[in-house]
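Asker: Fold the stuff below for me.
(chains A, B, C and D)
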Protein chains: 4
Amino acid sequence: MSLPRVTVWNEFRHEKKNPEVAAIYPDGMHETIARFLRAEGFPARTATLDEPEHGLSEAVLAETDVLIWWGHMAHDDVLDAIAERVQQRVWAGMGLIVLHSGHYSKPFRRLMGTSGNLQWREAGEKERLWVVAPGHPITAGLGEYFEIPHVEMYGEPFDVPQPDELVFVSWFQGGEVFRSGCCWRRGRGRVFYFRPGHETFPIYHQPEVQRVLANAARWAAPVPGPAIGIANRKEPLEPIP
Amino acid sequence: MSLPRVTVWNEFRHEKKNPEVAAIYPDGMHETIARFLRAEGFPARTATLDEPEHGLSEAVLAETDVLIWWGHMAHDDVLDAIAERVQQRVWAGMGLIVLHSGHYSKPFRRLMGTSGNLQWREAGEKERLWVVAPGHPITAGLGEYFEIPHVEMYGEPFDVPQPDELVFVSWFQGGEVFRSGCCWRRGRGRVFYFRPGHETFPIYHQPEVQRVLANAARWAAPVPGPAIGIANRKEPLEPIP
Amino acid sequence: MSLPRVTVWNEFRHEKKNPEVAAIYPDGMHETIARFLRAEGFPARTATLDEPEHGLSEAVLAETDVLIWWGHMAHDDVLDAIAERVQQRVWAGMGLIVLHSGHYSKPFRRLMGTSGNLQWREAGEKERLWVVAPGHPITAGLGEYFEIPHVEMYGEPFDVPQPDELVFVSWFQGGEVFRSGCCWRRGRGRVFYFRPGHETFPIYHQPEVQRVLANAARWAAPVPGPAIGIANRKEPLEPIP
Amino acid sequence: MSLPRVTVWNEFRHEKKNPEVAAIYPDGMHETIARFLRAEGFPARTATLDEPEHGLSEAVLAETDVLIWWGHMAHDDVLDAIAERVQQRVWAGMGLIVLHSGHYSKPFRRLMGTSGNLQWREAGEKERLWVVAPGHPITAGLGEYFEIPHVEMYGEPFDVPQPDELVFVSWFQGGEVFRSGCCWRRGRGRVFYFRPGHETFPIYHQPEVQRVLANAARWAAPVPGPAIGIANRKEPLEPIP
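Answerer: Prediction:
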């Protein structure tokens, strides 16, 4: 089975404005992510906010099996039409992996139907992600937990629909917990929210984080089968007396 | 525990245009539904599309614990601002019961994040609703199944998120099945989709259907507790070394 | 609606052997729990391991709407026949609330189908229970979280089926997390696992813990309706050509 | 990724006693199933009730990634020790696919914690299986539904825990519905219940049924990662003041 074609989408603004961010991700977070996916054999391209159609033309999405989304400071700059296009592609079967501050992105909120609210703190504290679904494909090759030394904290209550499958729960040094890895199906497509990531910490360079993203990209690959349409089945399958 | 305050919302257009519908629901479907709820002790009011703000002002919603929604031919006439208001009230804890063709209504689609697509047929065939969650509060007082003699068929695939709890599955004479009673939580509120109902069949006069709606109104009542906000927890609960 | 009849079951051995435990629960944990339930209006009785049939005769269970279970050091002394009787009563609609070390009890393991394994530590550390399902009836009247100053830690992975509804997630001072409040349906009955509790900490004297148990007892009350049987439907409901 | 090693288990008694069954499955149902799996590239072996240890020695199970189970008339002849061994292998990560009358088998009931009760009728009526989870790996390559011309009917209520994922719902000519394809996780392992199959109908010769079983075997393959143990984490991960 060949690996799914991944498009890594990034706002790509922090990296241009903030030298601290540029030092960690000189070519942008999207390139860092795309590179380790390519190293695992995934055909991976990138797209960014300031390209035409945010780099997500119909043609690009038609060749995308799994879309990875990183946004933070410019959610509002994403055109509604593009957010809707992403949503409809998920309905049609495309996988979507939403990272960190993407909890507030237009595509994620549209697909969830909830506010995406949460609590946060920027103190550079330690996070420990516990696997609560051992045996789930997204956890392949991990241990019982892994740690990220310095993070922005996200705390409960996290306003999302109850996940179809809950994979990770985070512990934070400052006293909070968070459902850090959540799976849902929407239409024919799969959605995975993964909490780790931040512009000023080198989180996407960390091997466990890369392992999860590669696992999730495999898990979110589309499955062949019929579309979900709307249709008048005028002719019944069985006689109606 | 007192019963929740219910608002029954109806497009109320079929009844005015179609004498066949008016014969079944002379005061509108909303009045038929509100009446049996009142007879069970619920404080129940009504609201309709052509009232100002569709009858769903901030003041009305502030006094609504559970909103029942019937729409069909005029989904697009519902203002986005009112659909968003309903969504936000659900997030804040209001229960929402969506009936039949409401699978395509703006509030339901916004809360689900899916298309709401399904298959349909208007042949007046028989439907049999099977209880698949015996012991669920919404099934209180029912038998193993109940029948509706003449219905519009709705068939799978039904494009909704997997329900948190699946309560009814329908059998149709013409050969289809449907997940006819589905529960979700969105934010602090509960949503129940219930398939039965149609403008040209006397379905809301049927005692089992009335029983389900009264059960669902009880089940969907708000629960007191804190809001789900967004906040910077600058001060950690525990010392961060 | 009248409140469900509760039976509080306790091993009641720690209290007799260990003066430290007896000092906290002079009449046994079951009496402490039954007392605050009675104060809320629940008809509450108690039963203990060393009574005939462990105090859980057919007659007692027939008058029990919700059973609360505390066991720890003597799980193996519970007769298989009584564990099976409890399981079958849950199938028939009785609610079951399993406390703390009851994750290893015979009735709970039989109903879950999993090992109930977890990690633990007795260091008297702090636990903070976060509400992850605001709006759920079991959280009524709580804030965003509550703390227990000194507990035995339970850590993930917790080997249970994915809960139908996850209500609480705990943070522990020593670095672990735990799904501390989990809901399942089994047959017609509801099961709630609630982590807090220990024989040498005064946890069942704490108001938030008492609030959760009273809420859970209401939530777990049986709902009237048909039994789930096995039957040969020789006569089809519809003609088979 | 190589395909999982499958063991197909069969009671293999109907085939020996009943010439009608032997005519359909001359080498037993297990051989029919194993053959089409081998044709898809799966390493597939078989095991039957009357072999020593029912053919499920520790050695055989250690080399089994996915176990397929068919039993009907002799559930009680399965040794408790072997049923427990199967359960523990699932906890450790082995996939389990339970067919048709296996809803009453010892391993399935132990893993579910419910009675497995249902309604049934042997009238040779038509069944139509609707896909309710388009995009799920188990539905790969199917259409919106498929039919089996002559079956034993199974009807709701089906006494199982709410599935983690519901994949198929069946329509029956005689008026019933059934949740025909259900997914659960138990410990590290995955369980799929699939309704079709009967000793006197040639159901396992049907291509759609074979497609589902091959899909399910892929889906149920174990995922590498840590075991779920019980351990005293005496040393906290973080200092406890």
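Asker: Give me the helices and strands touching the helix or strand of chain A with the lowest mean pLDDT, please.
Answerer: Least confident helix or strand of chain A, by mean pLDDT, DSSP states H and E, is helix A:14-17 with a mean of 89. In terms of contacts (3 or more Cβ pairs under 8 Å, 6 or more residues apart in numbering or on different chains; DSSP states H and E), helix A:14-17 is packed against helix A:19-24. Yep, even glycine has a C-beta here, placed from its N, CA and C like the rest.
Asker: ok, residues contacting the helix it packs on?
Answerer: With contact meaning Cβ atoms under 8 Å, 6 or more residues apart in numbering or on different chains, helix A:19-24 is reached by A:14-16, A:199-202, A:205.
Asker: could you flag which of these are buried?
Answerer: Listed as buried from the contacts of helix A:19-24 are A:14-15, A:199-201; burial here means 16 or more other Cβ atoms under 10 Å in any protein chain shown.
Asker: Can I get the biggest strand by length in chain A as PDB, trimmed to CA atoms?
Answerer: As assigned by DSSP state E, the longest strand anywhere in chain A is strand A:119-131. The C-alpha trace of strand A:119-131 is given here as PDB (Å, rounded to 0.1, in the frame of the first residue of the first chain):
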ATOM      1  CA  GLN A 119      -7.200  27.600  28.800                       C
ATOM      2  CA  TRP A 120      -3.600  28.500  28.100                       C
ATOM      3  CA  ARG A 121      -0.400  29.800  29.600                       C
ATOM      4  CA  GLU A 122       3.000  30.700  28.100                       C
ATOM      5  CA  ALA A 123       5.500  29.700  30.800                       C
ATOM      6  CA  GLY A 124       7.700  27.300  29.000                       C
ATOM      7  CA  GLU A 125       6.700  24.500  31.400                       C
ATOM      8  CA  LYS A 126       7.100  20.700  30.900                       C
ATOM      9  CA  GLU A 127       4.400  18.600  29.200                       C
ATOM     10  CA  ARG A 128       4.200  14.800  29.500                       C
ATOM     11  CA  LEU A 129       1.900  13.100  27.000                       C
ATOM     12  CA  TRP A 130       0.400   9.800  28.200                       C
ATOM     13  CA  VAL A 131      -0.900   7.200  25.800                       C
END
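Asker: Give the partner strands of it in its sheet and their orientations.
Answerer: strand A:145-155 (antiparallel), strand A:165-172 (antiparallel), strand B:231-232 (parallel) (DSSP bridges).
Asker: pLDDT score for residue A:45?
Answerer: Here, the pLDDT recorded for residue A:45 equals 98.
Asker: what is the mean pLDDT for the longest strand of chain A?
Answerer: Across strand A:119-131, the average pLDDT comes to 97.
Asker: coming back round to it: would you mind listing the outside residues contacting the least confident helix or strand of chain A?
Answerer: Here helix A:14-17 makes contact (Cβ under 8 Å, 6+ apart) with A:21-22, A:25-26, A:28-29, A:72-73, A:199.
Asker: with those in mind, which one is nearest to residue D:34?
Answerer: Using Cβ to Cβ, residue A:29 is the member of those that lies nearest residue D:34, at 48.4 Å.
Asker: That closest one - how many residues pack around it?
Answerer: The number of residues packed near residue A:29 is 29, by other Cβ atoms under 10 Å in any protein chain shown.
Asker: what bridges to the closest residue to it other than its chain neighbours?
Answerer: Nearest non-adjacent residue to residue A:29, counting by Cβ to Cβ, 6 or more residues apart in numbering or on different chains: residue A:10, 5.1 Å away. Counting by DSSP bridges, residue A:10 forms beta bridges with residue A:48, residue A:70.
Asker: which stretches of chain A form strands?
Answerer: Taking DSSP E as the criterion, chain A carries its strands at A:6-10, A:44-48, A:66-70, A:95-99, A:119-131, A:145-155, A:165-172, A:177-186, A:189-194, A:231-232.
Asker: mind putting the ones you listed in JSON lines, mean neighbour count and distance to residue C:210 included?
Answerer: Formatted as JSON lines, the entries for those read as follows, by neighbours: other Cβ atoms under 10 Å in any protein chain shown; distance: least, Cβ to Cβ, whole Å:
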{"stretch": "strand A:6-10", "mean neighbour count": "28", "distance to residue C:210": "49"}
{"stretch": "strand A:44-48", "mean neighbour count": "21", "distance to residue C:210": "54"}
{"stretch": "strand A:66-70", "mean neighbour count": "27", "distance to residue C:210": "44"}
{"stretch": "strand A:95-99", "mean neighbour count": "27", "distance to residue C:210": "39"}
{"stretch": "strand A:119-131", "mean neighbour count": "20", "distance to residue C:210": "27"}
{"stretch": "strand A:145-155", "mean neighbour count": "20", "distance to residue C:210": "26"}
{"stretch": "strand A:165-172", "mean neighbour count": "26", "distance to residue C:210": "26"}
{"stretch": "strand A:177-186", "mean neighbour count": "24", "distance to residue C:210": "23"}
{"stretch": "strand A:189-194", "mean neighbour count": "26", "distance to residue C:210": "35"}
{"stretch": "strand A:231-232", "mean neighbour count": "10", "distance to residue C:210": "55"}
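Asker: Lowest average pLDDT across those strands?
Answerer: Lowest mean pLDDT within those: strand A:231-232, at a mean of 91.
Asker: Just give me how far it sits from the chain centre.
Answerer: 33 Å (Cα atoms, centre = their mean, to the nearest Å).
Asker: just to revisit the earlier point, will you turn the strands of chain A into a markdown table that also has distance to residue B:96?
Answerer: Listed next are these as a markdown table, based on distance: least, Cβ to Cβ, whole Å:
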| stretch | distance to residue B:96 |
| --- | --- |
| strand A:6-10 | 33 |
| strand A:44-48 | 36 |
| strand A:66-70 | 29 |
| strand A:95-99 | 25 |
| strand A:119-131 | 26 |
| strand A:145-155 | 27 |
| strand A:165-172 | 25 |
| strand A:177-186 | 19 |
| strand A:189-194 | 23 |
| strand A:231-232 | 27 |
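Asker: sorry, back to before: now the buried members of the contacts of helix A:14-17.
Answerer: Among the contacts of helix A:14-17, those classed as buried by 16+ other Cβ under 10 Å are A:21, A:25, A:28-29, A:72, A:199.
Asker: Looking at the residues you listed, spot the one nearest chain B.
Answerer: Closest to chain B out of these is residue A:72 (14.2 Å), distances taken as Cβ to the nearest Cβ.
Asker: Was I right to think that closest one contacts residue A:101?
Answerer: Yes - assessed by Cβ atoms under 8 Å, residue A:72 is found in contact with residue A:101 at 4.0 Å.
Asker: Pull up the gap between the closest residue to residue A:43 other than its chain neighbours and residue A:222, please.
Answerer: Closest residue to residue A:43 apart from its sequence neighbours, by Cβ to Cβ, 6+ apart: residue A:5 at 4.6 Å. When distance is defined by Cβ to Cβ, to the nearest Å, residue A:5 is 10 Å away from residue A:222.
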